[in-house]
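Chemist: This is a predicted model, with the sequence first.
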Amino acid sequence: MASVDAILNSDGTLSIQEFEPLLNAAKDVVEGTVVAINQTGQTQFTIVTTDKVQAATGSLIGGLNVGDPLTVNIA
């Protein structure tokens, strides 16, 4: 589950402004602003990190800092 703020564009599409996962267990979470979308497959986008919560043991986001770009791949 997640909380999403979006804008309805004039062409009927939505632009996501904020996405916040609603988690019931401790997990790694990265928040950021979308700065690029891969237009070819639209299964990849890049965010600039604005916040992170490193909760999991063996986390892969330990070296990620605020301001860093992060590429997200949707499987």
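Modeler: Cool, the structure landed. Numbering: from 1, shown residues only.
Chemist: drop to CA atoms for contacts and neighbour counts, all remaining ones
Modeler: Fine.
Chemist: Show me where this protein dips below the pLDDT cut-off.
Modeler: 1 (pLDDT under 70).
Chemist: Strands of that one, residue ranges please.
Modeler: Using DSSP state E, the strands found in the chain span residues 2-8, 14-21, 29-37, 44-53, 69-73.
Chemist: What angle do strand 29-37 and the last one make with each other?
Modeler: Strand 69-73 and strand 29-37 are oriented at 90 degrees to each other (axes from the mean of the first three to the mean of the last three CA atoms, to 10 degrees).
Chemist: Strand 69-73: partners in the sheet, and parallel or antiparallel?
Modeler: Using DSSP bridges, the strands paired with strand 69-73 are strand 44-53 (antiparallel).
Chemist: Go through the partner strand and flag the buried ones.
Modeler: Phe45, Thr46, Ile47, Val48, Thr49, Lys52 (16 or more other CA atoms under 10 Å).
Chemist: ok, back up a step: want to try CSV for the strands of the chain, with distance to Ser59 as columns?
Modeler: Formatted as CSV, the strands of the chain follow (distance: least, CA to CA, whole Å):
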stretch, distance to Ser59
strand 2-8, 21
strand 14-21, 17
strand 29-37, 10
strand 44-53, 10
strand 69-73, 15
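Chemist: Just list the residues touching Pro69, thanks.
Modeler: Applying CA atoms under 8 Å, 6 or more residues apart in numbering to Pro69 gives the contacts Thr46, Ile47, Val48, Thr49.
Chemist: Okay, and the beta partners of it?
Modeler: On the basis of DSSP bridges, Pro69 is bridged to Val48.
Chemist: tell me the contacts of the closest residue in space to Val30 that isn't next to it in sequence?
Modeler: Distance criterion CA to CA, 6 or more residues apart in numbering; nearest residue to Val30, sequence neighbours excluded, is Lys52 at 4.4 Å. Contacts for Lys52 (CA under 8 Å, 6+ apart) come out as Asp28, Val29, Val30, Glu31, Val66.
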